[in-house]
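Novice: Give me a 3D structure for the following:
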Amino acid sequence: DDCDLTIIDIDSKKCQRITNSIDAHVIHGDGASQRILQDLDMGTVDYLLALSRIDEVNLVASKSASEMGAKKIICRLRNTEYSHRNATITPMQFGIDHVVYPEKSAQKEIEKLIRKPSAIDVEEFHDGKITMVGMVMDSSSPLIGRSAISVESSNPYVHHKLVLLIRDGEGLIPQEDTTYKIDDLAYFMGRTDEVPSIQRMAGKSPLTVKNVMILGAGKIGRLLSKSLETDYDVRIIENNHEKAKKVSESLSDTLILDADGLDIDFLTSENIQDVDCFIAATANEQTNILASLLVRHYGVKQVILHVTTTNYIRAVRRIGVDAVISKNISAVHEIINFIRSDQEDLPVSKIEDVDYDALEIVVSSKSKFILKNYSFDTVPDFIRIGTIIRGDKVIIPSQHAEILSNDKLILFIKDNLISKAEDLFL
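Specialist: Below you'll find the model as predicted:
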């Protein structure tokens, strides 16, 4: 909203659509063309984002922009070979500051959900010692109708903080008197080892995942299998015989099933009712949606669905799927987090689907909060503090918490209000 945006695309229809929908300078042409890039004053470009679907185009555009003086380069790549330790060609050689691999971003998000089941969103902080989990409040949740402070007071041994609510598609910073409602997506923050207790408190029985079934041996499926196969019993269903045969040669500890994942007789023969986690990750999102609903009907405990577009996300969340992941959205979030963290010189994490951020900030001894001797209960309502880190100590704050100089805070705030948090604590 507060940036001058220039977009280059070779597709004239996309250019027209962008021109009609957002305030941007749109150029119809090849983003790797030196002629087009030279027409821009590249020395004034703070961030060059090379995000086409073709790796080679993105690499050429990145190199050209770097040579012409762009300050920071962010590049989208599909081929993960560039990140290998022994890679001959690396992103650094093209002047790239940050590489985003969409399939890898999606794989990381899915893996976090598998390792923290019962949640639909998971984010880790402070080297994994602190976790934020997002859970949908079902009608059976014991929290429905109760206020945040009431739940905290009646669960003194479950150290947690309600840090954000998404209600009817809109995000809001909760207050102590905010009450939980059915279908709320509630984000809780706590020490990582206390997440199972927080899940139980919310009426979500912690699930221990032992076996994982993945539909689709594409990039996401292969990355997941490679990462999970040492800790879980992993099976991949792939209906392309040649691909199934090729993948089986590279994944020694994963069982590759050459079959149709929508075949009910096949699923029954594989005891689908005993599967702990099912991930629908084919390139066809309609297939993924149908497969997800099918296996949920047969009793799979955790169902994770991958979609390529955003059209279905809100709808499928309401029909029984535990989590919906999009590689494109995962990549966008990674890019936004990189830019915001770079601009603010502070770690910033965007919360999915809403314009709220998690901000990590160290309280300055010269800050307004310290110099004016403010107390915890005077923190403005638009800021929600989830954790106070004091040395090696992790504090989940109560109403009477104390904030000291050099404390590290993890707080939640609307993205257009970050400067107000900086004015208070820096």
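Novice: Now do the helices in the chain.
Specialist: Assigned by DSSP state H, the chain shows helices spanning 12-21, 34-38, 55-68, 102-115, 148-154, 195-201, 219-228, 241-250, 264-269, 285-297, 313-317, 327-344, 368-371, 418-425.
Novice: Near the residue lying closest to V394 once chain neighbours are set aside, how many other residues are there?
Specialist: Excluding the flanking residues, the one nearest V394 by Cβ to Cβ, 6 or more residues apart in numbering is R191, at 5.6 Å. In this view, the C-beta of every residue, glycine as well, is placed from N, C-alpha and C. By the measure other Cβ atoms under 10 Å, the count of residues near R191 is 18.
Novice: can you check the one 4 residues further on too?
Specialist: One way to gauge burial is a neighbour count; for V195, by other Cβ under 10 Å, it gives 22.
Novice: Roughly how far does it sit from S139?
Specialist: Separation of V195 from S139 (Cβ to Cβ, to the nearest Å): 23 Å.
Novice: again with H28
Specialist: On the measure of Cβ to Cβ, H28 and S139 end up 51 Å apart.
Novice: Show the low-confidence segments of the stretch 1-150 of the chain, by residue range.
Specialist: In the predicted model of the stretch 1-150 of the chain, residues 1-2, 117-120 satisfy pLDDT under 70.
Novice: Need the helices of the chain in CSV (columns: distance to P174).
Specialist: Compiled in CSV, those are given as follows (distance: least, Cβ to Cβ, whole Å):
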stretch, distance to P174
helix 12-21, 32
helix 34-38, 46
helix 55-68, 41
helix 102-115, 23
helix 148-154, 5
helix 195-201, 15
helix 219-228, 33
helix 241-250, 45
helix 264-269, 41
helix 285-297, 30
helix 313-317, 20
helix 327-344, 22
helix 368-371, 21
helix 418-425, 17
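Novice: And these: which comes nearest Q399?
Specialist: In terms of Cβ to Cβ, the element of those nearest to Q399 is helix 148-154, at 7.3 Å.
Novice: Put the alpha carbons of the closest one into PDB.
Specialist: Provided in PDB are the C-alpha atoms of helix 148-154 (Å, rounded to 0.1, in the frame of the first residue of the first chain):
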ATOM      1  CA  ALA A 148      -9.900 -15.000  27.400                       C
ATOM      2  CA  ILE A 149      -9.200 -14.000  31.000                       C
ATOM      3  CA  SER A 150     -11.600 -16.500  32.400                       C
ATOM      4  CA  VAL A 151      -9.900 -19.300  30.500                       C
ATOM      5  CA  GLU A 152      -6.400 -18.100  31.700                       C
ATOM      6  CA  SER A 153      -7.500 -17.900  35.300                       C
ATOM      7  CA  SER A 154      -9.100 -21.400  35.300                       C
END
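Novice: Show residues contacting that helix.
Specialist: By Cβ atoms under 8 Å, 6 or more residues apart in numbering, the surrounding residues in contact with helix 148-154 are 143, 160-162, 174-180, 201, 398-399.
Novice: and if we set it to 7 Å?
Specialist: Here helix 148-154 makes contact (Cβ atoms under 7 Å, 6 or more residues apart in numbering) with 143, 162, 174, 176-178.
Novice: Who are the contact partners of the residue nearest to V394?
Specialist: 129-130, 159, 394.
Novice: Settle it for me: which of H28 and S139 has more neighbours?
Specialist: Ranked by neighbour count (other Cβ under 10 Å), H28 and S139 place H28 first, with 16 against 8.
Novice: what about that one, distance to I18?
Specialist: H28 is 10 Å from I18, by Cβ to Cβ.
Novice: likewise L293?
Specialist: 34 Å.
Novice: Filter the contacts of R191 down to the buried ones, ChimeraX style.
Specialist: Selecting only the buried entries of the contacts of R191 in ChimeraX, with 16 or more other Cβ atoms under 10 Å as the criterion:
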select :130,159,394
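Novice: now the contacts of R191 in a markdown table, with distance to N240?
Specialist: Below are the contacts of R191 laid out as a markdown table (distance: Cβ to Cβ, whole Å):
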| residue | distance to N240 |
| --- | --- |
| K129 | 42 |
| I130 | 42 |
| H159 | 48 |
| V394 | 47 |
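Novice: between the contacts of R191, which is closest to I410?
Specialist: I410 has its nearest neighbour among the contacts of R191 in I130, at 6.8 Å by Cβ to Cβ.
Novice: mind listing what that closest one touches?
Specialist: Neighbour list for I130: 189, 191-192, 387, 394, 410 [criterion: Cβ under 7 Å, 6+ apart].
Novice: For the stretch 251-400 of the chain, give me the ranges with low pLDDT.
Specialist: Along the stretch 251-400 of the chain, segments meeting pLDDT under 70 span 312, 314, 317-320, 344-346, 348, 352-353.
Novice: can you rerun that using 90?
Specialist: Scanning the stretch 251-400 of the chain for pLDDT under 90 picks out 251-252, 285, 301, 307-326, 328-334, 336-359, 375, 377, 392, 398-400.
Novice: re earlier: which of the contacts of R191 sit farthest apart?
Specialist: Across the contacts of R191, the longest distance by Cβ to Cβ is 12.8 Å; it joins K129 and H159.
Novice: Just the buried residues of the contacts of helix 148-154.
Specialist: 143, 162, 174, 178.
Novice: Please narrow the residues you listed to those residing in strands.
Specialist: The strands, defined by DSSP state E, take in L162 from the buried ones among the contacts of helix 148-154.
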